[in-house]
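Engineer: Just to be clear, the model below is a prediction. Sequence and coordinates:
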Amino acid sequence: MADKIHVTASEDYDVIIGSGILKDTGSIVRDVLPKATKILIVSDTNVAPLYMDKVKTSIEEAGISAFEFVFEAGERSKKIETVAGMWDLMAKEGFTRTDAVAALGGGVAGDMGGFAAATFLRGIKVIQIPTSLLAMVDSSIGGKTGIDLPVAKNQVGAFHQPAAVIEDTDCLKTLSPDLFTEGMGEVIKYAFIMDLPLYDLLKKIADEGKAEELSADTDNLTSVIKACVADKAYVIANDEFDTGLRQILNFGHTVGHVIEARSDFSLAHGVCVAKGMGIVTDAAVKAGTCDIDEASKMKDLIERYGLPSSDDISAEDAAEGAMNDKKKRGDTLSLIVVNEIGKASIVKMTSEEYLAFLKKGLAR
Ligand SMILES: NC(=O)c1ccc[n+]([C@@H]2O[C@H](COP(=O)([O-])OP(=O)(O)OC[C@H]3O[C@@H](n4cnc5c(N)ncnc54)[C@H](O)[C@@H]3O)[C@@H](O)[C@H]2O)c1
Ligand SMILES: [Zn+2]
């Protein structure tokens with residue numbers, strides 16, 4: 001049985017979530033793209049050997065021709081040359097405006113496959129088939145697509161909503177424990193910024209001693225993923241183009257991005273977001289806006305899912321990096337603070353105020 005969560009955006013679509021649903025890809029594509037005759041399946045060298053055959057067979061059984069484009073796994077492939085390879089293959093195979101791309105993999109496949117679709121023939125449809133936890137709860141939904149430049153990540157891209165998102169929770173059984181834990185950083189973020197019932201569920205799972213085995217616990221895992229997808233869908237429905245509410249998704253990210261970049265990306269994104277959430281929360285306690293018990297509950301949950309909730313970066317280093325961040329608007333920065341689990345606030349700060357705030361949350 002699959003569940004559907006509807007996303008209302010410039011073009012509406014469903015996120016279909018279930019165990020074993022990769023084999024239904026063809027019929028789902030047939031339903032949402034009745035005119036498609038060709039699909040380019042974009043995947044990476046880790047995911048393709050695991051799931052390409054199943055997806056390809058399903059698409060072909062629906063009477064659609066399927067073509068494969070497999071790139072070297074990893075963020076370093078997220079560049080224009082890789083996308084150009086997709087454009088070339090589609091042009092060579094005679095893809096038309098009614099054909100489509102299916103992005104099968106983590107956020108890298110999703111962002112690049114989505115961008116290739118957004119740009120080929122000025123825009124063809126994309127089906128997102130996320131296989132990492134991060135991609136299922138975050139990157140596959142909401143229509144942000146793009147590539148990295150040598151100087152910074154995600155600098156070129158387009159908003160391009162998918163025609164459907166297909167999330168087979170069984171795929172998470174092959175994801176490494178580290179990548180699963182990393183994805184939990186984003187899951188916990190939704191609980192903190194907007195979803196008290198999700199916090200209660202995650203706490204209950206941990207209290208029952210089941211946090212470590214969540215990736216194999218289909219029932220709990222499905223409930224957790226559905227909650228996150230519904231949260232992201234709500235945010236997208238209210239702020240598709242990232243001019244207001246969508247900023248709350250940046251909780252933990254302003255500090256987290258600096259820690260991530262300073263580690264030369266050796267530290268995982270979700271790990272850095274967890275640290276960022278902990279640091280901002282410590283600062284909010286010292287600033288007197290967040291109750292210490294509430295902060296302890298938050299930091300506890302982060303740690304019970306195997307993530308860190310602090311870092312030894314200095315306030316100056318953290319603040320300096322953030323002022324160069326693209327999220328900056330003019331001279332002020334919008335910082336996301338959670339003073340009460342389930343509710344995020346957007347706080348505008350000057351660089352001086354931000355530094356003073358961070359000094360409260362960091363030892364140096
Ligand atoms: N578009 C958005 O809104 C958005 C949001 C957040 C992040 N992102 C982007 O997403 C990317 C990070 O996503 P990610 O962590 O999924 O990275 P990723 O795509 O590189 O996947 C991480 C690793 O997991 C492997 N993998 C994925 N699914 C697997 C599975 N089921 N079994 C075994 N291995 C599997 C991949 O091959 C890869 O090695 C970044 O480029 C980031 O910028 C985009
Ligand atoms: Zn993130």
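Structural biologist: Nice, I can see it. Ligands and ions are numbered 1, 2, ... in the order given.

Engineer: what helices or strands is the worst-scoring helix or strand of the chain on mean pLDDT leaning on?
Structural biologist: One helix or strand of the chain scores below all others by mean pLDDT, DSSP states H and E: helix 315-323, with a mean of 85. Counting contacts by 3 or more Cβ pairs under 8 Å, 6 or more residues apart in numbering; DSSP states H and E, helix 315-323 packs against helix 253-262, helix 351-361. Backbone N, C-alpha and C define where each C-beta goes, glycine included.

Engineer: Out of the ones you listed, indicate the one that is most buried.
Structural biologist: Among the helices and strands packed on helix 315-323, ranked by average contacts under mean count of other Cβ atoms under 10 Å, first place goes to helix 253-262 (a mean of 23).

Engineer: What is the subsequent helix or strand relative to it?
Structural biologist: As assigned by DSSP states H and E, the chain's next helix or strand after helix 253-262 is helix 269-286.

Engineer: Tell me what angle that next one forms with helix 351-361.
Structural biologist: When axes from the mean of the first three to the mean of the last three Cα atoms, to 10 degrees is applied, the directions of helix 269-286 and helix 351-361 differ by 90 degrees.

Engineer: Against which helices or strands is helix 269-286 packed?
Structural biologist: Contact here means 3+ Cβ pairs under 8 Å, 6+ apart; on that basis helix 269-286 packs against helix 177-194, helix 253-262, helix 292-304, strand 332-340, helix 351-361.

Engineer: near ligand 1, which residues of this protein show up?
Structural biologist: Contact residues, the chain versus ligand 1 (Cβ under 6 Å from any ligand atom): 44, 46-47, 50, 73-75, 78, 105-109, 111, 131-132, 134-135, 138-139, 142, 144, 153-154, 171, 174-175, 179.

Engineer: Helices - which of the residues you listed land there?
Structural biologist: When those are checked against helices (DSSP state H), the matches are 47, 50, 107-109, 111, 134, 179.

Engineer: Now tabulate those residues in JSON lines and tack on pLDDT.
Structural biologist: Listed next are those as JSON lines, based on pLDDT from 0 to 100:
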{"residue": "V47", "pLDDT": "98"}
{"residue": "L50", "pLDDT": "98"}
{"residue": "G107", "pLDDT": "98"}
{"residue": "V108", "pLDDT": "98"}
{"residue": "A109", "pLDDT": "98"}
{"residue": "D111", "pLDDT": "98"}
{"residue": "L134", "pLDDT": "98"}
{"residue": "L179", "pLDDT": "97"}
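
Engineer: Now do the buried residues in the least confident helix or strand of the chain.
Structural biologist: Buried residues in helix 315-323, counted by 16 or more other Cβ atoms under 10 Å: 315, 318-319, 321-322.

Engineer: Please apply the same query to stretch 75-93.
Structural biologist: Under the neighbour-count criterion of 16+ other Cβ under 10 Å, stretch 75-93 has 77-79, 82-83, 85-87, 89-90 buried.

Engineer: Now find how far off-centre it is within its chain.
Structural biologist: 22 Å (Cα atoms, centre = their mean, to the nearest Å).

Engineer: ok so, going back, among the buried residues of stretch 75-93, pick out the one closest to ligand 1, please.
Structural biologist: Comparing these against ligand 1 with Cβ to the nearest ligand atom places K78 closest, at 5.4 Å.

Engineer: Can you check what pLDDT the model gives the closest one?
Structural biologist: As predicted, K78 sits at a pLDDT of 98.

Engineer: Verify the contact between it and M112 for me.
Structural biologist: Yes. With contact defined as Cβ atoms under 8 Å, K78 reaches M112; the gap is 5.9 Å.

Engineer: quick one: common contacting residues for these two?
Structural biologist: I147 (Cβ atoms under 8 Å, 6 or more residues apart in numbering).

Engineer: pLDDT weak spots in this protein?
Structural biologist: Scanning the chain with the threshold set as pLDDT under 70 gives 324-330.

Engineer: circling back to that earlier point, now the helices and strands packed on helix 315-323 as CSV including distance to G20?
Structural biologist: Shown next, in CSV, are these (distance: least, Cβ to Cβ, whole Å):
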stretch, distance to G20
helix 253-262, 33
helix 351-361, 44
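
Engineer: And these: which comes nearest M298?
Structural biologist: Closest to M298 of the helices and strands packed on helix 315-323 is helix 351-361 (Cβ to Cβ; 12.8 Å).
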